[in-house]
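> below are the sequence and a predicted model; questions follow.
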Number of protein chains: 2
Amino acid sequence: MALSRVSNEALVAAAAEVFRTHGFEGATLRRLSEATGLEKASLYHRFPRGKEEIALAVAERVNQWFSKNVFEPLEGDGTPSTRVRLIAHKLREFYGDGSKSCTLDTLSLSGGGDALAAALQAGLLGWLEAFTRISKESGLPAATARSRAEQAIIEVEGALVLSRVLRHNKLFLKVISRLPELLLI
Amino acid sequence: MALSRVSNEALVAAAAEVFRTHGFEGATLRRLSEATGLEKASLYHRFPRGKEEIALAVAERVNQWFSKNVFEPLEGDGTPSTRVRLIAHKLREFYGDGSKSCTLDTLSLSGGGDALAAALQAGLLGWLEAFTRISKESGLPAATARSRAEQAIIEVEGALVLSRVLRHNKLFLKVISRLPELLLI
DNA sequence: GTCTATAGCTTGATAGAC
DNA sequence: GTCTATCAAGCTATAGAC
């Protein structure tokens, strides 16, 4: 394990911003190179299967981020209300107050390949499960909890699209602030 | 006005499917050429400013489609409930039962230029106005009507993203079926 | 592990024949 | 109005020096 000028963590984080901003097809190796500070050949040394492997690493990093910052805190201490408010804050930061797109959106468009599509789907399913669980824990029946979880994520994703098109984040911030009432009894 | 092998209408319609599927950067001239049945040089004859002009024509065509099939019917005959059910059916068709993406989403990602972004924003603002109007007409106060309109469009766009990632259209169809209760008193 | 240099292909766009 | 042929630039990916 030799020294790396740029840590894998920092590398994938920089790549994630490129993919979420430009989508899979718009995330060129030149842009990835500029964002990460590594030349294209160095990116191939780290990710021998090229752009598709980088995108997959990004999707998995995002899934890990959600596990650590959303799913796990939802099972932590405090009342369900406290926990939802905590992860609402995390989501607000993750999406840059609504100014940044979701990789579920931008990476699912086309060209990404089956492994990427599967990773995105797995991440979204985990998100649905975590939201369903906290909703159930707050006292809602299983079926209702599932609907609330679907509803909440639909609103986050939809608001991000509208924020991008309208060029303001009012609607996104409103959805984030409504997360407790969307998920809890 | 000389004869065209492919009507402007059919040409832009075919291009729209390419843009909504692949996004702006993924909609290459090769794909546009294959989809429209015209060689690249012929596309440049029709749209001298190239890909950006085609995308703009697509956005304007979508805006016109919404005017004719959504905004105008919402001001037509019948009860508000009847009208909303009518346009819900139109939207379901437009989005291929949830299998097709929204151009507001796929064209707003990056690379499209300012004129395209402005056209997308104008289309969305028109949609918001039309939904607000029918909601007000059904008896809701102005501020509530506006919130209902925002909510309904957020849910349509969000459900389309989730349908794409999850690879099933259950959630989209549910949103479409809920449009009357979302918009009306 | 990172770099420069380069291969081979695809891109957006143009010229000119018909 | 459409086509074939072509261009420069950009793309993904690789070879090889350090």
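Here it is on my side, so go on.

> residues in chain A within reach of DNA strand D, list them.
A:Ala27, A:Thr28, A:Leu29, A:Arg30, A:Arg31, A:Lys40, A:Ala41, A:Tyr44, A:Pro48, A:Gly50, A:Lys51, A:Glu52 (C-beta under 7 Å from any atom of the strand). For every residue, glycine as well, the C-beta is placed using N, CA and C.

> just flag the most distant two among these.
Pairwise distances across these (C-beta to C-beta) peak at 19.7 Å, for the pair A:Arg31 and A:Pro48.

> more crowded one of the two?
Legend: neighbour count by other C-beta atoms under 10 Å in any protein chain shown for A:Arg31 and A:Pro48, higher for A:Arg31 (16 against 8).

> closest to B:Ser108 among the residues of chain A next to DNA strand D?
Of the residues of chain A next to DNA strand D, the one sitting nearest to B:Ser108 (C-beta to C-beta) turns out to be A:Ala27, at 16.1 Å.

> what is the burial count for the closest one?
Look at A:Ala27: counted by other C-beta under 10 Å, it has 27 neighbours.

> scan the residues of chain A next to DNA strand D and report the most crowded one.
Within those, most neighbours by other C-beta under 10 Å means A:Ala27, with 27 neighbours.

> phi, psi for it please.
For A:Ala27, the backbone dihedrals (degrees, to the nearest 10) come out as phi -80, psi 80.

> so it touches A:Glu17, yeah?
No - the criterion here is C-beta atoms under 8 Å, and A:Ala27 misses it with A:Glu17 at 9.7 Å.

> coming back round to it: and the residues of chain A next to DNA strand D, which is closest to A:Glu155?
Using C-beta to C-beta, those come closest to A:Glu155 at A:Ala27, 26.7 Å.

> who's in contact with the closest one?
For A:Ala27, the contacting residues are A:Ala15, A:Val18, A:Phe19, A:Lys51, A:Ala55, by C-beta atoms under 8 Å, 6 or more residues apart in numbering or on different chains.

> in strands, which of the residues you listed fall?
Of the contacts of A:Ala27, none are assigned to strands by DSSP state E.

> between those, which sits nearest DNA strand C?
Checking these against DNA strand C by C-beta to the nearest atom of the strand gives A:Lys51 as the nearest, at 12.4 Å.

> could you find the closest non-adjacent residue to that closest one?
A:Leu29 (6.4 Å; C-beta to C-beta, 6 or more residues apart in numbering or on different chains).

> what's the answer for A:Gly112, then?
With C-beta to C-beta, 6+ apart as the criterion, A:Gly112 has its nearest non-adjacent residue at 4.6 Å, and that residue is A:Phe24.

> so how far is B:Arg61 from the residue nearest the centre of chain A?
Centrality entry for chain A: nearest residue to the mean C-alpha point is A:Val62, 5.1 Å, by C-alpha atoms, centre = their mean. Going from A:Val62 to B:Arg61 by C-beta to C-beta, to the nearest Å gives 34 Å.

> same question, A:Pro180
For A:Pro180, the distance to B:Arg61 - C-beta to C-beta - is 41 Å.

> how many neighbours does A:Thr36 have?
For A:Thr36, the neighbour count with other C-beta under 10 Å is 22.

> how about the secondary structure of A:Gly139?
Here A:Gly139 is recorded as coil under DSSP: H, G, I helix; E, B strand; the rest coil.
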